[in-house]
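Undergrad: Got a predicted structure here, sequence first:
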Amino acid sequence: MDKIRIIESIKSLSVKKTDNMYLNDFFLTWNKKDDEIAAVFQVAEILRSMRKNNISPRVFDSGLAVSLFRDNSTRTRFSFSSACNLLGLTIQDLDEGKSQIAHGETIRETANMVSFLADVIGIRDDMFLGAGHTYMKEVAASVHQGYEERVLPQRPTLVNLQCDIDHPTQTMSDALHLIKWFGGIDKLKGKKIAMTWAYSPSYGKPLSVPQGVIGLMTRFGMDVRFAYPEGYNVMDEVVDIAEKNAEKSNGKFEIVNSMEDAFKDADIVYPKSWAPYAVMEERTELLRAGDDNGLKDLEKKCLENNKKFVSWECTRELMNTTKNKNALYMHCLPADITDVSCEQGEVQADVFDQYRVPQYIQAGYKPYIIAAMIFLSRFANPAEKLMEVMDRADRRIY
Amino acid sequence: MDKIRIIESIKSLSVKKTDNMYLNDFFLTWNKKDDEIAAVFQVAEILRSMRKNNISPRVFDSGLAVSLFRDNSTRTRFSFSSACNLLGLTIQDLDEGKSQIAHGETIRETANMVSFLADVIGIRDDMFLGAGHTYMKEVAASVHQGYEERVLPQRPTLVNLQCDIDHPTQTMSDALHLIKWFGGIDKLKGKKIAMTWAYSPSYGKPLSVPQGVIGLMTRFGMDVRFAYPEGYNVMDEVVDIAEKNAEKSNGKFEIVNSMEDAFKDADIVYPKSWAPYAVMEERTELLRAGDDNGLKDLEKKCLENNKKFVSWECTRELMNTTKNKNALYMHCLPADITDVSCEQGEVQADVFDQYRVPQYIQAGYKPYIIAAMIFLSRFANPAEKLMEVMDRADRRIY
Amino acid sequence: MDKIRIIESIKSLSVKKTDNMYLNDFFLTWNKKDDEIAAVFQVAEILRSMRKNNISPRVFDSGLAVSLFRDNSTRTRFSFSSACNLLGLTIQDLDEGKSQIAHGETIRETANMVSFLADVIGIRDDMFLGAGHTYMKEVAASVHQGYEERVLPQRPTLVNLQCDIDHPTQTMSDALHLIKWFGGIDKLKGKKIAMTWAYSPSYGKPLSVPQGVIGLMTRFGMDVRFAYPEGYNVMDEVVDIAEKNAEKSNGKFEIVNSMEDAFKDADIVYPKSWAPYAVMEERTELLRAGDDNGLKDLEKKCLENNKKFVSWECTRELMNTTKNKNALYMHCLPADITDVSCEQGEVQADVFDQYRVPQYIQAGYKPYIIAAMIFLSRFANPAEKLMEVMDRADRRIY
């Protein structure tokens, strides 16, 4: 978008209802209204275009963004960092190794103590089923209370950087990729997307990506087919949400039993490994109990079980069964690529390579999706503020 | 404060004598003059009010703030981060694990090498009796020499983020809390404060908070009662300072033998655990000698000894003996709360809960106290500079 | 330089040909043209003088600088941090411990994933002969490809913060020190510099400093004498470069067999330890094979071998054989100082002490050398941009 189109987009943003996002958190896409979801895509695109036109959307002269990663992360860490930096916020990492959280502090206390000058808190906590989302809600409730009690001069807003239930910054980036790939959010209507399990020689991958994908893509009137081997089901409540979304959007949501069924005539395929639900539950219990031997046994058992399904691989042959043999392949990265990152994995190397560039582009939306979530949570009138930024016309690079 | 009162406060600041703070360090409150102490409170309040009025007090367009934490820290780390960020400085952490300090570099060399573009150095070094303060003085002397030798283009100033002797950013926040609670620094005159030891099932907590409290609160004409079990005495030289301060301010300083004596009719109580002086001395020797078994034995012995004093707990019953049964409870946090963070601790849960909000508010002053210390050390005429900032009227959030 | 002289310098910079530095990396000094090398010195001095005159050369309103340290670092880390901060970039460290690189990601993918909003990437990777430079080239190729494929909106440029071949930010700082010490780049002509090995009770020090020094100093028409014990030779290709440079610049490059020969009548001495070439090669193989016992044996063997050459020490006696007994002593720091940091080391304490201040000053150029490298890689017309910065006249400290 050039400057004229950015201004047009800002004007059209002003009719979207985003009041409820102001001073609010972003946990799960399905708790957000359609206008709110659409506003995130639009603000993300506006911010991206501003930067491309060397217009700096820095709206904070100072302010902290607290980051808390309870799982390894490269791309989400850098995306969060990039988003905050673009808006003018400075990351301060709450490293649990270094902090006194390890000494048994309560969540409420720590949440307040790190938030005196914080505008945003980004959390990744995806290891334990039933824990990550709950933890984030507790942090949000804590700082909300702190704000009401006048402990905090502002109410920091949370961005879910991946929990046990959803991975909204990922799936919103995925969706923005589709919107741009197919030429508009309305163009997604009727598109067939295969969200399928795929084999990986690893264990314990969170369920949040498949859950997030079926919870989000069903809103756009898409035909969502969800496939996995027996035992690799996800949370029932998210399946319920996907079903309701599909009904409401005049789309479809169907659980099928094989990759083949899911891929047939698909416009988009998203083959990705995750852990069996029961294993994730057992793992949570063992982790909580500190049962290291139990965890080792579980890993072994789970990897053995995975092996029964090595045939769940995104092959050229399967790709040839998709619409025009040409479905868009997606992955949240990093993928387990057969003969590249492992002997036998989620996807054949030549399929992955064909779609490498689109995937990288897909990943590149994440910083702007996060920035949009932050922006919409910090300004009561985002369109007005964006117009002010355009008028100011500060250069990103001098 | 609204803008008019901020301007009034800045005007009244200009009569305070703070010349000696310029390009100088903040190590121990008792080495600062009354005007200097008062200026820190006042600038902290001005900066806090500016931010509340969305006026950005950013006075550095660039510049590093070096942080060095030789002990775990969450709240002080975030406070320092917040303060530096508010003023426009960027933290670069000197992580000894990552750095070549481990390879035997001298203090002087490292201090200079990290300071070429640094305006501030914040250090926490509170583990060893006789070491932390000494280390900070060496760092300050090193960068002072570096500045005089024209190695450094500016003289970075140090902020003591807790040493073995004092914890000025904590106790100054505590004092600002009291000033605001009681309605003015003059209102502290005659107020009875009980700084008492309390039981905790932990070991090795620094002496710097009790020392800092008796060294600071005795300056305001308060009636300071200091209580601890036998063997839990603190550094003699700080007791001397407290005595002299009390005399000078027409206050009182008295060492009493029980929590009961200290609490009686108190306006404020500050029950907190710390390690016995002799244990801290022995621990320093064992740590230096790398005697791990000796350290384990010492910990065991010390925890055993602590247990003799489990009755030193801030109970509701004891609170009922304070002035109007209503003394202000204080803690530097995190507290060891009975039945919450431990079986038997420093304070009963319902007492802690009653004062949770005031304590959080108390903690919230620390970023501004640190920012004020930095501000006063970097500007020869702080009032003039603050007025410039008001005139500029840059928004913190655009 | 005062403001008038800064403006003069900027004007004279505009005739230097630096086009090829724009959107390009800085790997090895010998791949840069004379104008480019001279431009780095000049921009470094301009930036340093701007800051001294309280003019902020901040040219980025936002933007990430990715840092990746595969070896311990204090001074280079702080120099990179300082440089980026001065220009307005925010460091995001790619800590391999925390990131998913450990999970087998490809370099290309990671390089792109961290670069969506990155302007600069700084890498230190000096542990493995044949690896560091290669890795940096791969990262650069990856982001270049990403830019061409429109994955990245900008082409981040790399700064080599030390590889297995060269340490350009160090040697350029060293050279700037010499330029200022002797009063101009032309004054280096004919100056005799002794780059010699020196004994240290440590093992595995990279070859990049001696290689970088002989590869750079031979360009200025200097008389470079390179001395080391048998077996402590460096990469042949760098020796070739040094020879060609010397020929082209009408200087000299000579390998001599003793410290004594090298020091005789020298204007400058640079005695520094490094590992034997063969040991570094063997070490790389053992590290790759994960052969911990082999590595321990190698270290032992190497330290034993080092001991044969304890006489390679920069003594007062040796210093007295230099030009007017007064050669300038240099070291990249930290040095192994006899009786200070070790029993027997690279230099006698009183020699080191005599030159301590000049060495600290030498180290202080590094942030500006790095900032200049970044500046020249991000602006097509650096002189014009610097003039804009002068006109803008933003204060570094308000």
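TA: Thanks, I have it.

Undergrad: Flag every residue of chain A that's near chain B.
TA: A:58-64, A:66, A:90, A:92, A:94, A:98-106, A:109-110, A:112-114, A:116-119, A:146, A:149-153, A:378, A:385, A:388-389, A:392 (C-beta under 8 Å from any C-beta of the partner chain). Any C-beta I mention is one placed from the backbone N, CA and C, and that applies to glycine too.

Undergrad: The residues you listed in strands, which ones?
TA: A:64, A:66, A:90, A:92, A:118, A:119 (DSSP state E).

Undergrad: Need the three-state assignment for residue A:178.
TA: Recorded secondary structure, residue A:178: helix (DSSP: H, G, I helix; E, B strand; the rest coil).

Undergrad: check contacts around the residue nearest to it when sequence neighbours are not counted.
TA: Nearest non-adjacent residue to residue A:178, counting by C-beta to C-beta, 6 or more residues apart in numbering or on different chains: residue A:188, 5.9 Å away. Residues in contact with residue A:188, defined by C-beta atoms under 8 Å, 6 or more residues apart in numbering or on different chains, are A:175, A:178, A:179, A:182, A:217, A:220, A:221, A:222.

Undergrad: Can you give me the pLDDT of residue A:188?
TA: If you check residue A:188, the pLDDT there is 98.

Undergrad: Relative to residue A:93, how far out is residue A:80?
TA: Going from residue A:80 to residue A:93 by C-beta to C-beta, to the nearest Å gives 10 Å.

Undergrad: my guess is residue A:210 contacts residue A:197, does it?
TA: Yes. Counting by C-beta atoms under 8 Å, residue A:197 is a contact partner of residue A:210 at 7.5 Å.

Undergrad: Just want to know which of the two has more residues nearby.
TA: The residue with more neighbours, out of residue A:210 and residue A:197, is residue A:210; 28 against 24, by other C-beta atoms under 10 Å in any protein chain shown.

Undergrad: Check which helices and strands the one helix or strand the more buried one maps to sits against.
TA: For residue A:210, the element it lies in under DSSP states H and E is helix A:208-217. Helix A:208-217 sits against helix A:168-182, strand A:192-197, strand A:223-227, helix A:236-248, strand A:268-272, with contacts defined as 3 or more C-beta pairs under 8 Å, 6 or more residues apart in numbering or on different chains; DSSP states H and E.

Undergrad: Output these as CSV; include the columns mean pLDDT.
TA: Formatted as CSV, the helices and strands packed on helix A:208-217 follow (pLDDT from 0 to 100):
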stretch, mean pLDDT
helix A:168-182, 98
strand A:192-197, 98
strand A:223-227, 98
helix A:236-248, 98
strand A:268-272, 98
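
Undergrad: which stretch among the ones you listed comes nearest residue B:203?
TA: helix A:168-182 (42.8 Å; C-beta to C-beta).

Undergrad: Summarise which helices and strands that closest one is packed against.
TA: helix A:34-52, helix A:75-87, strand A:157-160, helix A:208-217, helix A:356-363, helix A:366-378.

Undergrad: now with 10 Å?
TA: helix A:34-52, helix A:75-87, strand A:157-160, helix A:208-217, strand A:268-272, strand A:328-329, helix A:356-363, helix A:366-378 (3 or more C-beta pairs under 10 Å, 6 or more residues apart in numbering or on different chains; DSSP states H and E).

Undergrad: Would you mind pulling the contact partners of the lowest-mean-pLDDT helix or strand in chain A?
TA: Sorting the helices and strands of chain A by mean pLDDT, DSSP states H and E puts helix A:277-289 at the bottom, at a mean of 88. Helix A:277-289 has contacts (C-beta atoms under 10 Å, 6 or more residues apart in numbering or on different chains) with A:127-131, A:164, A:203-207, A:228, A:231-236, A:274-276, A:291-299, A:301-302, A:305-306.

Undergrad: switch the cut-off to 7 Å
TA: A:128-131, A:204, A:207, A:231, A:233-234, A:294-295, A:298, A:302 (C-beta atoms under 7 Å, 6 or more residues apart in numbering or on different chains).

Undergrad: Could you do stretch A:219-231 as well?
TA: Here stretch A:219-231 has contacts from A:34, A:185, A:188-197, A:214, A:217-218, A:242, A:245-246, A:249-259, A:261-262, A:276, A:278, A:309, A:312, using C-beta under 7 Å, 6+ apart.

Undergrad: Buried ones from those, can you make that a ChimeraX selection?
TA: One line in ChimeraX is enough to select the buried ones among the contacts of stretch A:219-231; burial here means 16 or more other C-beta atoms under 10 Å in any protein chain shown:
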select /A:185,188,191,192,193,194,195,196,197,214,217,218,242,245,246,249,251,252,253,255,256,259,262,276,309,312
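
Undergrad: quick one: low-confidence parts of chain A?
TA: Applying pLDDT under 70 to chain A picks out residues A:97-105.

Undergrad: Return the residues of the stretch 1-150 of chain A in contact with chain C.
TA: When proximity is defined by C-beta under 7 Å from any C-beta of the partner chain, the stretch 1-150 of chain A lies next to chain C at A:51-52, A:56, A:58, A:72, A:74-75, A:78, A:81-82, A:85-86, A:88.

Undergrad: Drop anything exposed from those residues.
TA: A:51, A:56, A:58, A:74, A:75, A:78, A:81, A:82, A:85, A:86, A:88.
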